[in-house]
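J.: starting from these lines, generate the structure:
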Amino acid sequence: MTLYCDANATEPLRPAARAAVIAALDMGGNPSAVHGAGRAARRRLEEAREALARRFGARPGDVVFTGGGTEANALAIHGLGRGRRVLVGATEHPAVLAAAGPGATSIPVLEDGQVDLEVLKGLLAEGPPALVCLMAANNETGVLHPVAAVAALCQAHGALLHMDAVQAAGRIPLPQGADSWAISGHKLGGPPGAGALLLRPGLDLPALIAGGGQERGRRGGTEPLPAIAGLAAALAEPDEAGRLAALRDRIEAGLGGEAIIAGAGAPRLPNTSCIILPGVPAETQVIALDLAGVRVSAGAACSSGKVARSPVLAAMGLGPLAGCGIRVSLPWNAPEDAAERFLEAWSAMRRRLSKSAA
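T.: Numbering: from 1, shown residues only. The predicted structure follows:
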């Protein structure tokens, strides 16, 4: 039996989300149509919007449905960054870095992976108003940024704060203070194909995708109702933070002194460990564990299947070790023996690779 430990790439579909997707598929009807089927679809769409607004403390009218987290981040950055300097964390997801473009200024992180607040304060003070883009939780290490402190600095300098909350939503309470935040359905147990951008009251932006005026003119195209319904259903499910944190801690405690946990000194997501095995390339580890039936990853899963030196770990000052880290991210339905099964496979891999190196 395989052990899936790559939830930060995509979570297994929750049963409630599957049921919601099927129910929405069976409905038929375009949410923009005025006949009965269209009105029923519109009701389902607005129910999902209200559910997201309640969960995250937003107003329904400030929830913009998108095709996923990448689009939500791009919509925020292109819309809110107009006429502003764009500052991005050095460990941001490639989707945010690409949307920000080569002209964006990088904000360094400390050795534990958290943003350097002193450098950020200086960057905000040295120029015109900015848009700061910072993830709530890192996709590779699980490290949580001090969003409340960042928000206070932004407010003091007239900057806007966009928070990529794709990894955090549904796993931990979202920190307050951001002007906009992006979420993705398949990262919390919903289906792929739906995400959302949430805006603080009074903030608006132009559409990145022009179309027929859907989403109050902020995102053109017929809304993917089945995926949106699945997103809302997944978000309503209880989180497994306490149970997953205990499993993660058992994994880390059983690794021994040879392994290094990236970001161990910082607050992290309850389900995530970035485990560095010095001298062993990440790709070698991923393949070896896969052959043993354990599914992990290295770096961001949105890199077209490529495994390379991690820019996140490099930004944390880990040097050559940046190419030796794997990400273990436990899903909501991780079995109770997940820690023991992972450690058995990992220990066998370490012994085998150590003999090969000798």
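J.: please name the residues that touch the nearest residue to residue 251 once chain neighbours are set aside.
T.: Nearest residue to residue 251 in three dimensions, chain neighbours excluded: residue 339, at 4.7 Å (C-beta to C-beta, 6 or more residues apart in numbering). No exception for glycine: its C-beta is placed from N, CA and C like everyone else's. Counting by C-beta atoms under 8 Å, 6 or more residues apart in numbering, residue 339 touches 247-248, 250-251, 254.
J.: just the buried ones from those, in ChimeraX syntax?
T.: In ChimeraX, a selection of the buried entries from the contacts of residue 339 looks like this (16 or more other C-beta atoms under 10 Å):
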select :247,248,251
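J.: pick the one among the contacts of residue 339 closest to residue 78.
T.: Nearest to residue 78 among these: residue 248, at 35.7 Å, using C-beta to C-beta.
J.: the closest one is in contact with residue 264, isn't it?
T.: No: contact criterion C-beta atoms under 8 Å: residue 248 and residue 264 do not qualify, at 11.2 Å.
J.: OK, contacts around residue 73?
T.: 93, 95-96, 99, 133, 162, 164, 166, 182, 197.
J.: now do the domain split for the chain, please.
T.: Using automatic domain parsing, the domain parsing of the chain gives 3-11+239-357, 15-235.
J.: I'd like to know how many residues surround residue 160.
T.: Counted by other C-beta atoms under 10 Å, the residues lying close to residue 160 total 21.
J.: and residue 125, how far from residue 131?
T.: From residue 125 over to residue 131 the distance is 16 Å, taken as C-beta to C-beta, to the nearest Å.
J.: ok, residue 210 next?
T.: Separation of residue 210 from residue 131 (C-beta to C-beta) stands at 22 Å.
J.: looking at the two, which one has more neighbours?
T.: Neighbours per residue (other C-beta under 10 Å) separate residue 210 from residue 131, with residue 131 holding more: 25 against 11.
J.: what's the helix or strand for the closest residue to residue 112 other than its chain neighbours?
T.: Nearest in space to residue 112, with sequence neighbours left out and distances taken as C-beta to C-beta, 6+ apart, is residue 266 at 4.0 Å. Here residue 266, judged by DSSP states H and E, is contained in no helix and no strand.
J.: residue 266 reaches residue 115, doesn't it?
T.: No: the pair residue 266 and residue 115 fails to qualify as a contact (C-beta under 8 Å) at a distance of 10.5 Å.
J.: those two - which one has more neighbours?
T.: For residue 266 versus residue 115, neighbours defined as other C-beta under 10 Å are more numerous around residue 115 (24 against 20).
J.: give me the beta-bridge partners of the more buried one?
T.: Residue 115 has these beta-bridge partners by DSSP bridges: residue 109.
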